[in-house]
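J.: Show me the folded form of this:
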Amino acid sequence: MDAAAQLAYCGIEPLRRTLATHSSRTKRPSYGLAQARSIVPGRNSVILAVAAEPKPTEALSDASPTPKKIGKVSQEIKRVRAQMEENEELAVLMRGLRGQNLTDAQFAADNIQLRLVEVDESSEFLPLVYDPASISAYWGKRPRAVVTRIIQLLSVAGGFLSRLIGDIINKKVKENEVARAIELREIVTSLGPAYIKLGQALSIRPDILSPVAMMELQKLCDKVPSFPDDVAMALIEEELGQPWHEIYSELSSSPIAAASLGQVYKGRLKENGDLVAVKVQRPFVLETVTVDLYVIRYLGLVLRKFPQVSIDVVGLVDEWAARFFEELDYVNEGENGTRFAEMMRKDLPQVVVPKTYAKYTSRKVLTTGWIEGEKLSQSTESDVGELVNVGVICYLKQLLDTGFFHADPHPGNLIRTPDGKLAILDFGLVTKLTDDKKYGMIEAIAHLIHRDYGAIVKDFVKLDFIPEGVNLEPILPVLAKVFDQALEGGGAKNINFQDLASDLAQITFDYPFRIPPYFALIIRAIGVLEGIALVGNPDFAIVDEAYPYIAQRLLTDESPRLRKALRYTIYGKSGVFDAERFIDVMQAFENFITAAKSGGGESMNGDMAELGVLQNQTSFLPGFPLSTQSEQPIQTRAALAFLLSDKGNFFREFLLDEIVKGIDALTREQLVKVMAILGIGNAAPIFSMVPAFGPLRAAALIPTITEEDQVILNNVQKIGEFLTAGASRPLSSDQGTDIAHVIQELLPVLPGISAKVLPELLSRLSSRVMARLIRDSFLY
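T.: Model (predicted):
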């Protein structure tokens, strides 16, 4: 599960922050997972950071190491991946999740015979959306057809079942696993669309099937013998109300591809000459699918009476069948494609979707625009890597933003067009994610970064990995052990994969822990993109593309939950500002801007790519022009441009407390330097002779620099160097930053920003100074 593991892995290793102002560090004691303990610094202790809000009252655990910068995790992931591929079963699983076991054939093998249920009676009483009760009522009145189908199934699968039972009795299941998996794939292919689609759905469920069985089911050929062309033409006329030649000026004499649900013809519309793809549904698909669901579901109800059977067949069927029924409705598929295209148009114009011609689309006939191109997985063009980056952003946008997820990701559905765009095909199957799921995944990643295992377990409940109401206490230490073993520093050589796999298997066996169907699709989508990328770039790491998008979501989303997640990402459990974590997030944001500009050329940059652009302003007060220059983007670092733009308003507010602390500390630092130049570095004796004014002591007015201030100044220096450095210049450059040049570039926008921020800044700064004076005067 390489792709999924890497998503969970992004940035979880510890980051060791060193302060230039301290030559030594106080070694902090380590505590066990269950031994949480509050640590409150005394008045004279070294203060390593300062919270921007009141200290949390909940106890902190030192079991979690300091997080490590995300950018340094990629090399670790590559080493982990290399070691995983040395394990035969894990390597098989990873190839499957990347779609590398799928067949590219457009038609069925010669020996495939599709068995469908042909009935003479009308099927108008069968439901068009999944309804187990209606299906049961329909087929319950037609026992002869049901028995015929059962006999058909047994004639195909009877020998396989008897051999499988023999393996169980003789304890040869493992020995004959490969042979039985191959048999199963061949049988499933011949049983029709319901079994083919169910097999494909199970082929990405490592929590249900073994890697060998998954590998064989991933080879399932959805390509089956085509049905007669005259039947297809008659169906077009029946569905669209006109003979095919009155709609299409030309149509291929035979299908260009045939699958279990339908077959595709290439044609040209008569009304405008557009090239189109015409998909026609196979006859008797609804009848065959529903009778198979009726039989499987009835078997599942029988198995529920046996507690030894741990798999809930009825639940799995109901979960899958509802989405499968949507795939049978071509009107729904066309609307899905149109909706998806609209969602991507502004942000990612590099992504294209075939146009749906609603006028020539019905439940059983779909007419869409024809897209020329080659499979992304087979392309040898130099921009494949860029298009993979676009694909990762596209799928993460679906997953974490729109919640409208293309649920049939495989290499055949990702096309590189001749003009360098990424085309995504086939929207019969989509998954819709609630806001709770979308935000929950981002929150879980933030918790993983800080190894907050208690919060992670609760995230698993929100994300449906663990059912509501389960006692989480016994699960926490087990998951903590698994994560610690997988994510501990030192590289892949320190990971015992057999122990790790055993621990994961034990969790699913001992606790009600499962992989939700939507997450299995996510694993598959990211895995397919990773598989394509690794062909041209063996050093590809999904975290390099995934975390930048997550950083962008954290910085730009206005949801209260994600704003809280952003604060947690930078401040952690202890509520202390982490300058390096701030820089890490902003660097990831800049990487996202770069990726969003990939593919299609500069003219294809969408709204996402413009997040790092700061527009010039010709005036900030009516009637007082600031510049005679035309409005052009200001050339500065993307992170700084974002912070100063209107889109960065929230994040500026978010950092206002840290800005106030920085100004306060910098001011007092300069005053201390001035006093030193004037030769009054030690002014305390002088001020002590000044009489007190009531409770106010003059000595309280002496500017001093505390250890807290040193940390703040260190943070200011780090952030200042980062924001004012050129995007291409490394942060560790020994060259000085041309602050004057940066200010000159930003001068047109600074007045407008100051007008928005300055009043609040002055208010908070004066409150901080006054609070310190009162504290120093009255409490010391």
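J.: Summarise which helices and strands the one helix or strand residue 387 maps to is packed against.
T.: Secondary structure from DSSP states H and E places residue 387 in helix 384-397. Helix 384-397 sits against helix 330-345, strand 414-416, strand 422-424, helix 517-536, helix 542-556, helix 579-596, with contacts defined as 3 or more Cβ pairs under 8 Å, 6 or more residues apart in numbering; DSSP states H and E. (Each C-beta comes from the backbone N, C-alpha and C, glycine too.)
J.: okay, the angle between that helix and helix 542-556?
T.: 50 degrees (axes from the mean of the first three to the mean of the last three Cα atoms, to 10 degrees).
J.: Please save the CA atoms from helix 384-397 in PDB.
T.: The C-alpha atoms that make up helix 384-397 are tabulated as PDB, following Å, rounded to 0.1, in the frame of the first residue of the first chain:
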ATOM      1  CA  VAL A 384       4.400  13.400 -18.700                       C
ATOM      2  CA  GLY A 385       6.000  14.200 -15.300                       C
ATOM      3  CA  GLU A 386       4.300  17.600 -15.400                       C
ATOM      4  CA  LEU A 387       0.900  16.100 -16.300                       C
ATOM      5  CA  VAL A 388       1.300  13.600 -13.400                       C
ATOM      6  CA  ASN A 389       1.800  16.600 -11.100                       C
ATOM      7  CA  VAL A 390      -1.400  18.100 -12.600                       C
ATOM      8  CA  GLY A 391      -3.200  14.800 -12.100                       C
ATOM      9  CA  VAL A 392      -2.200  14.600  -8.400                       C
ATOM     10  CA  ILE A 393      -3.500  18.200  -7.800                       C
ATOM     11  CA  CYS A 394      -6.700  17.300  -9.700                       C
ATOM     12  CA  TYR A 395      -7.400  14.200  -7.600                       C
ATOM     13  CA  LEU A 396      -6.500  16.000  -4.400                       C
ATOM     14  CA  LYS A 397      -8.800  18.800  -5.400                       C
END
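J.: Tell me where the model's unsure across the stretch 501-650 of the chain.
T.: 501-509, 536, 599-607, 609-636 (pLDDT under 70).
J.: What lies in contact with the helix holding residue 387?
T.: Residues outside helix 384-397 that contact it (Cβ atoms under 8 Å, 6 or more residues apart in numbering): 343-344, 347-348, 350-351, 376, 405-406, 409, 414, 416, 420-422, 424, 522, 525-526, 529, 532-533, 536-537, 540, 542, 545-546, 549-550, 592, 595-596, 598-599, 608.
J.: What are the buried residues along it?
T.: Neighbour counts over helix 384-397 (16 or more other Cβ atoms under 10 Å) mark 384-397 as buried.
J.: I'd like the average pLDDT over it.
T.: Helix 384-397 shows a mean pLDDT of 87.
J.: Which neighbouring elements make contact with the following helix or strand past it?
T.: With elements assigned by DSSP H and E, the helix or strand that comes after helix 384-397 is strand 404-406. Applying 3+ Cβ pairs under 8 Å, 6+ apart, we find strand 404-406 packed against helix 330-345, strand 430-432, helix 517-536.
J.: which residues sit against stretch 591-599?
T.: Applying Cβ under 8 Å, 6+ apart, the set of residues contacting stretch 591-599 from outside is 347-348, 350, 383, 386-387, 389-390, 392-393, 420-422, 544-545, 548-549, 551-552, 605-606, 608-609, 611-612, 638.
J.: Ok, stretch 560-569 next?
T.: By Cβ under 8 Å, 6+ apart, the list of residues contacting stretch 560-569 reads 439, 442-443, 446-447, 449-450, 553-555, 557, 581, 585, 650-651, 654.
J.: circling back to that earlier point, the buried residues of helix 384-397: which two are farthest apart?
T.: Using Cβ to Cβ, those reach their maximum pairwise distance at 384 and 397, which is 20.0 Å.
J.: so residue 363 sits right up against residue 330, yeah?
T.: Yes: applying Cβ atoms under 8 Å as the test, residue 363 and residue 330 come out as touching, 5.9 Å apart.
J.: out of these two, which sits in the busier spot?
T.: residue 330 (24 against 15; other Cβ atoms under 10 Å).
J.: Can you give me every residue that contacts that one?
T.: Taking Cβ under 8 Å, 6+ apart, one finds 279, 281, 361, 362, 363, 364, 365, 366, 428 in contact with residue 330.
J.: Which among those count as buried?
T.: For the contacts of residue 330, buried by 16+ other Cβ under 10 Å: 279, 281, 361, 362, 364, 365, 366, 428.
J.: any idea how far residue 217 is from residue 194?
T.: In this view, residue 217 and residue 194 are 14 Å apart by Cβ to Cβ, to the nearest Å.
J.: circling back: buried ones only from the contacts of stretch 560-569, please, as a ChimeraX command.
T.: Buried subset of those, written as a ChimeraX selection, criterion 16+ other Cβ under 10 Å:
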select :439,442,443,446,447,449,450,553,554,555,557,581,585,651,654
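J.: Which stretches in the stretch 201-350 of the chain count as strands?
T.: For the stretch 201-350 of the chain, applying DSSP state E, counting those that start in this stretch gives strands covering 248-251, 257-258, 262-269, 275-281.
J.: which residues touch the third one?
T.: By Cβ under 8 Å, 6+ apart, the residues outside strand 262-269 that reach it are 226-227, 232, 247-252, 254-258, 274-282, 285, 357, 360, 364, 367, 370.
J.: okay, the buried residues of helix 384-397 in a markdown table with distance to residue 565 next?
T.: Output for the buried residues of helix 384-397, formatted as a markdown table (distance: Cβ to Cβ, whole Å):
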| residue | distance to residue 565 |
| --- | --- |
| 384 | 33 |
| 385 | 30 |
| 386 | 29 |
| 387 | 30 |
| 388 | 27 |
| 389 | 24 |
| 390 | 25 |
| 391 | 25 |
| 392 | 20 |
| 393 | 19 |
| 394 | 22 |
| 395 | 20 |
| 396 | 15 |
| 397 | 17 |
